[in-house]
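Novice: quick check, what structure comes out for this input:
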Amino acid sequence: MKISIKDITSLPDQSKKFAGTCDISNFSYLGSDFSINHIEPFDVVLSMIGSGKLHITFNTNSTIKGQCDRCLSEVTFNVPVSVDETVEVSEGQVVADEDLGPYSFAEGEEIDVDELILNEILVNFPAKILCQDDCKGICPVCGKNRNIEPCGCDDTVLDPRMAQFLDVFNSFKEVK
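Specialist: Residues are numbered from 1 along each chain as shown. Down below sits the predicted model:
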């Protein structure tokens, strides 16, 4: 959803409310694909602060579908979205920040609400996505999902720094 700021920038110290929508359905993050199942209804409020700053605010909650980091099963989780941005405007257009450069969510006289939502989702994204707190993951030996059934494989993980010692011990066993 894109919102034109041309009308609001001519009204110093005024606010305008818009019914917000999100047109993003899929995105990639850290090499994984995710889909946005639902965004709760929200209102975008654009407020002019004096005649040179535009304040953008809205709050919503997103429901996202992806894969569990341990067992790769499908999982749905919530990510809050809380936008509170202030940008400089001049002659009805957004002016790039001197320190940060151009804004990813604003170009000319338009604000891209979808870009603001995606930025907030990525900032608030969970570090680990798990189907359950005690997810057992996939067996590294046979590849079975250990949450569904135990596999009985030997899953002893040896420290790779000690692998050379294990080779030495195994060679002595063969010498007998």
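Novice: what segments of the protein are helices?
Specialist: Per DSSP state H, the chain carries helices over the ranges 113-123, 163-175.
Novice: redo those helices as JSON lines? Include mean pLDDT, distance to Pro102 and mean neighbour count.
Specialist: All C-beta atoms are positioned from the backbone trio N, CA, C, and that covers glycine. Below are those laid out as JSON lines (pLDDT from 0 to 100; distance: least, Cβ to Cβ, whole Å; neighbours: other Cβ atoms under 10 Å):
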{"stretch": "helix 113-123", "mean pLDDT": "92", "distance to Pro102": "12", "mean neighbour count": "19"}
{"stretch": "helix 163-175", "mean pLDDT": "73", "distance to Pro102": "51", "mean neighbour count": "8"}
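Novice: go through the ones you listed and name the closest to Glu149.
Specialist: Closest approach to Glu149 among these (Cβ to Cβ): helix 163-175, 30.1 Å.
Novice: what does the closest one rub up against?
Specialist: Residues from elsewhere that reach helix 163-175 (Cβ atoms under 8 Å, 6 or more residues apart in numbering): Leu158.
Novice: next one: the residue nearest the centre of the chain from Leu116, what distance?
Specialist: Centroid check for the chain by Cα atoms, centre = their mean gives Leu122 as the closest residue, at 2.7 Å. According to Cβ to Cβ, to the nearest Å, Leu122 stands 11 Å off from Leu116.
Novice: same check on Val168?
Specialist: 59 Å.
Novice: how about the lengthiest strand in the chain: buried residues?
Specialist: Taking DSSP state E as the assignment, the strand of the chain that covers the most residues is strand 74-90. By neighbour count on 16 or more other Cβ atoms under 10 Å, the buried set for strand 74-90 is 75, 77, 79, 81, 83, 85, 87, 89.
Novice: just give me the closest of these to Val157.
Specialist: Using Cβ to Cβ, Val75 comes nearest to Val157 of the buried residues of strand 74-90, at 25.0 Å.
Novice: who touches stretch 133-141?
Specialist: Contacts for stretch 133-141 (Cβ under 8 Å, 6+ apart): 68, 70-72, 144-147, 151, 153-155.
Novice: the protein: strands as residue ranges?
Specialist: With DSSP E as the criterion, the chain has strands at 2-4, 15-20, 26-29, 32-39, 42-49, 53-67, 74-90, 93-95, 106-107, 110-112.
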